[in-house]
Structures are given as C-alpha cells and as structure tokens.
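**Q** what's the 3D shape of this:
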Amino acid sequence: MVQHRSTERERKLHDLLKRDHTLFGGSVFGLDGHVIEIQARAMEIFSSPETWRDAVSISGMARGAIHESLDRIGGAFSKLGIEKPEVSITVNLAPADLPKEGTWLDLPIAIILLQAAGVLPDLHEKSEGQFILMGELGLHGEVRRVPGALSMAYIAKPGQTLVVPRGNEKECALILAKPGHDGCKICAVSTLEEVAEYFRGKRKLENALKDGVKFEEFVPKAVDFSRIKGQEKAKEAALIAAAGGHNLLLIGPPGEGKSLLASAIPGILPRLSDHEVVELTRIYSACGELQNDGMVVSRRPYRSVHHSSSKQALVGGGSGVPIPGEVTKAHLGILFLDEIAEFSKSTLDTLRQPLEDGEVRISRVGGSLSFPCQFTLVAAMNPCPCGYFGSDRCRCTEPEVRKYQKKLSGPIVDRIDLQVELQVLTTEERFAEPTAASSPQLRKVVQAARDRQAQRYEGKNVSCNARIPGGHILDFCKFSKDGLDAYKSKVDQEQLTTRSTDRLAKVARTVADLAASEEIQSSHVDRAASYVVGGMLRSAF
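**A** Here you go, the predicted model:
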C-alpha cells in the first residue's frame, strides 16, 4: 500500500513536467501599462521538497522587486498551509525585452506557481486570455494596492476580466470613459486565498462595475477670481494666458498676490474632456499619488515648484526606469515656478525642450521614455533682491537690480509670452468688496476663445494660439489693414527679435479671439504689446 502511494505520487509529479501554464498580468513602464504573458513549467523532480525561493527561477528581464516577490509569495503560501514544492519551476515573463520592476506581478506569479506545482488546476486554454491579474502580496497572504493600476486597465481588451487589489477597483473603473472596453469586468480581491478559491471553482468574484462607481476629486478647487483684490492688469494678462495657452511671468513686490493669482488660473481654463480626465488620472496613478481608491483628476492640475527642486524632480528622470517629474504632473494645467530667479540656470534650462515640444524625452540605461507635458508656465519673481524696486523701500543699487534680473536666462524669457507687473495695493483696494467677474464667468469667455481656436486649427495639430509653429504665424494670424500696419510699426519701433515678433502676433490673435474678431485689429495689437514688449526684464537682456 505504501509502495502504491509512492508510485502514484511519482506519476503525478512526472505528469507535472508535461504541462505548460500561461497567465496574463500587467506591468507599468513609465506611464504606459503593458500586458505581461507569464509562462511557467515544472522542470525536474526534487528528491525532497525545496523552499519556493530555491525551487523557482524567473527570466524575462525581471528586476528588483520581481525577484523579491518569491520571498513574499513563500510567506503567503506558508500562511495558507501550502506545502513546499517537489518540482523546480521556471517562470518566463514576456516580452523578454521589456524591463519589469515593481510588485504588480506578485499575484499572477503566485497563482501560476500553484498551477505549476499541481496545487491549483489550469485554466482552459481558451480562458487564459480572459484574465489580467495584478497586485502586491504581503507575507500574510493579503493583496495590496499597486500604483498605475489604471494604466494596466487602460490596455485591457473588450470582455476581459481584471482581477485587482481591493482599493484599485474604482480607479480601474475609469476605463469605461475610454472606448474599446465593452464588457470588461473588474473584480476586487483582498487575499490570495480568494483568488485561489476562485481558480478552484469554489468562489465567485463580484464585478465592481455592476452597481456604478462614485469618484472623488483629487485636485482641490481653484481660488475664485472674484476673491483677488485689485491688480486688474495682471488679471487681464491671466485671462489672455488662459484663453491662448500663453506662458506668463508675474513681477511684483512680495505679498501682493502673485501666488494667489497663479493658483486661480486653473479655475478659468476649459473643463477637461473625459479622455483628458483618464489621461491625467493615469499619470497620477502611475506616479503613486492617488492615496485613496476612486480618486480622479477631473480638474486642471496646479503644480507649484520650489526653487530648491532638482532637475530630476522638475522634468523627470531617475537612475533606473525614468519617472515623471512636475512638468508631466502639470500636463494640461499650470506649472507655477515661484521666485523663478532663484532657480539655478541649469535647472531652468531643462525646461526649454518641454516648453517647445509639449513632451519630455528621457534616456537612461533602463530605458528611454517620453512623457506628455503640455502645460502653461506661470512664473513669479520680485523685481529686485529686496522686492521693492521703484519704491522708497528699495535699497538695491542699479547693478544689483540688473544682476538679479539677469539670473533668469534669456532663452526662458523668450518662451514666456506675457509679462506683467503687479503693484502695491492701496488701502481702498485691500478693503474693497469683490467686484471682479467670477471664475465660472471667465471660464465661459475662455471657452469661447478656445472654441474659435479649435475650429481654426482643426486637423492642423495645433492646440491653441501659443502653439502656432514658427514660420506659420501669418498663416493663422489674419490682420486687418490697420492691424498689420500697427503690427509692423510695433516690431520696427521696439526692434523685436523674430521670436518676439511671433509672440506679439500670437498674443494679438488671442486678444482678437477674446473679442470674437476674425481679424486682428490695431487695438488688439496695442493691447497685446503692453504685455509682450517693453517689459521690465527686456532691458536686462
């Protein structure tokens, strides 16, 4: 009888060597999710059981946390009373040329190891492609949330079932806002045991989408424009910046509302489309910034960056797989650089390519990636080291003022379309009741101007006036006769560079759009010129 049991055991073990196993998981590389095909085979029979760490080898550019997953999986198996394997198992992660890091594959690797060891039955070959599993395992068998779950849900095919950690299901539900996910199910699990029982056919997994999902806004509501006292010229510049996507520099003494005005601009930008909500939420998910499940980015982001920030924090990078920086987190919103003159020149220079291209490209040994960064730059600075240039309180010498203003590099100034000086508020302005238009009112004005631009640039790969490419200015900026004369006169009088000449035309085009004018009139040129030429910084360069 003992001999019979031993022979039966040997037969089952030899049978394991003939079986092949396939499951699908997901991994995030940069911002993009990738379906990972996980293959496993039992390779040889041990004379005595080995630990899971010693019994399993993983190939396919698995790095760091992927190899550490065997320790977490072994602990979870011990908690569930699963015995040590009696066969060696090789796991391959395909495609093999894609670097794989992180903990997203813990759950599918654990399940396929149980299949390869004969603990769980295989799925039918036709059913293998119906599932995408993701989740980090704890030593006690719990399945934990992972960043970037939306990026992996984003690539699911119609009809697939995503098995995700509880706490990621609402985030993944956003895929319903993107076409091509018909019939997808999202099943949330808390423990490895739940998934194992499902694969044994002893448990059902509930579809988290069946009862609808309530979402929570991640981005705080912007300050209402009506709360900003005085500074009418600066508010007009902010309106033009929002309507045309123009970069804006606010110059003025400390405490007079530069930061407050910058923080209000997202509230007058057009509302995000469903596609843009998914795109932004995917960015913040991949960056691990969504603390709670169900958080979405449905408002324009506002990212305030301190002058001590590194180049990597600003534009992205890292020693391994590159990660997004603040410019990408500000995508479709506002990037605010306070005290811009205090940033190092080398840090500011890294903004030149992202500002020009609307994307940032980073190359490392671990891979080369592109991240979107179509943001509007709003910067603020004092006019001099003490901040009170032009008043009796200023104690700076002229050379000190010029040196301070020159800390802002010329190439960056050239990429800022609008410059405006804020004044010290009077006592009457400080205590006046709010009289300015509210943010919802201004948003309607901005949206109307953007609608005109969308119609003008349809099929042209131009998103707004600020993005008109060089060499095509006069193709899109149509002047009246008087308007063109005023434009030429202003260029001649101010001896503008080619880049500044283009900036003047683009801002004038936005002013005309705000006035619902098809042609740029002389009044539009004059209004634009008050922000584009002759600014405080111009004499410093």
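
**Q** Could you use CA atoms for every contact and neighbour count after this?
**A** Noted.

**Q** Tell me which stretches of the stretch 101-250 of the chain form strands.
**A** With DSSP state E, counting those that start in this stretch, the ranges of strands along the stretch 101-250 of the chain come out as 131-133, 136-137, 143-144, 161-165, 185-189, 216-217, 248-251.

**Q** Name the strands paired with the second one and say parallel or antiparallel.
**A** According to DSSP bridges, strand 136-137 has the following sheet partners: strand 143-144 (antiparallel).

**Q** contacting residues around the partner strand?
**A** L107, G135, E136, L137, G138, P165, R166, G167, V189, S190, T191, L192 (Cα atoms under 8 Å, 6 or more residues apart in numbering).

**Q** wait, which of the strands of the stretch 101-250 of the chain is closest to V87?
**A** With Cα to Cα as the criterion, V87 lies closest to strand 136-137 of the strands of the stretch 101-250 of the chain, at 22.6 Å.

**Q** which residues of the stretch 1-150 of the chain fall in helices?
**A** 2-16, 52-55, 65-79, 106-116, 149-154 (DSSP state H, counting those that start in this stretch).

**Q** winner for burial among those?
**A** A comparison of these by mean neighbour count, using mean count of other Cα atoms under 10 Å, puts helix 149-154 on top with a mean of 28.

**Q** Work out the gap between that one and the centre of the chain.
**A** 13 Å (Cα atoms, centre = their mean, to the nearest Å).

**Q** try stretch 49-63
**A** Using Cα atoms, centre = their mean, the offset of stretch 49-63 from its chain centre is 34 Å.

**Q** Out of the contacts of strand 143-144, which is nearest to T426?
**A** Using Cα to Cα, the contacts of strand 143-144 come closest to T426 at G167, 51.4 Å.

**Q** For that closest one, the count of nearby residues, please.
**A** 19 (other Cα atoms under 10 Å).

**Q** Next up, the contacts around K214.
**A** By Cα under 8 Å, 6+ apart, the neighbours of K214 are K170, G294.

**Q** Quickly note the distance from it to M152.
**A** When Cα to Cα, to the nearest Å is the yardstick, K214 and M152 sit 20 Å from each other.

**Q** wait, what's in contact with the residue nearest to K100 when sequence neighbours are not counted?
**A** Spatially, and ignoring its direct neighbours in sequence, K100 is nearest to A62 (5.1 Å; Cα to Cα, 6 or more residues apart in numbering). Listed by Cα under 8 Å, 6+ apart, the contact set of A62 reads L93, P99, K100, E101.

**Q** What lies in contact with stretch 470-486?
**A** Contacts of stretch 470-486 (Cα under 8 Å, 6+ apart): 456, 468, 502, 505-506, 509, 518-526.

**Q** got it, and stretch 255-264?
**A** By Cα under 8 Å, 6+ apart, stretch 255-264 touches 222-225, 228, 235, 238, 250-252, 302, 336, 338, 378, 380, 422-425.

**Q** filter the contacts of stretch 470-486 to the buried ones?
**A** I468, D502, A505, K506, R509, E519, I520, Q521, S522, H524, V525, D526 (16 or more other Cα atoms under 10 Å).

**Q** Can you lay out the contacts of strand 143-144 as a markdown table showing pLDDT?
**A** Listed next are these as a markdown table, based on pLDDT from 0 to 100:
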| residue | pLDDT |
| --- | --- |
| L107 | 96 |
| G135 | 95 |
| E136 | 95 |
| L137 | 95 |
| G138 | 94 |
| P165 | 95 |
| R166 | 93 |
| G167 | 90 |
| V189 | 95 |
| S190 | 95 |
| T191 | 96 |
| L192 | 95 |
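
**Q** Correct me if wrong: Y154 contacts I175.
**A** Yes. Using Cα atoms under 8 Å, Y154 is in contact with I175, at 5.8 Å.

**Q** Listing request: residues of the stretch 401-541 of the chain with sub-threshold pLDDT.
**A** Regions of the stretch 401-541 of the chain meeting the criterion pLDDT under 70 cover residues 434-436, 534-541.

**Q** Can you show me the helices along it?
**A** Going by DSSP H, counting those that start in this stretch, the stretch 401-541 of the chain shows helices at 410-414, 427-431, 439-456, 473-476, 481-494, 498-514, 522-532.

**Q** Buried deepest among the ones you listed, which one?
**A** Mean neighbours per residue, mean count of other Cα under 10 Å, is largest over the helices of the stretch 401-541 of the chain for helix 498-514, with a mean of 24.

**Q** Now tell me what touches that one from outside.
**A** 240, 243-244, 246, 414, 417, 445-446, 448-449, 452-453, 465-466, 468, 470, 473, 477, 487, 491, 518-521, 524-525, 527-529, 532-533.

**Q** swap the cut-off to 6 Å and go again
**A** Residues outside helix 498-514 that contact it (Cα atoms under 6 Å, 6 or more residues apart in numbering) are G244, D417, A449, N465, C477, I520, H524, V525, A528.

**Q** what's around the first one, how many residues?
**A** Think G244. The burial count for G244: 26, using other Cα under 10 Å.
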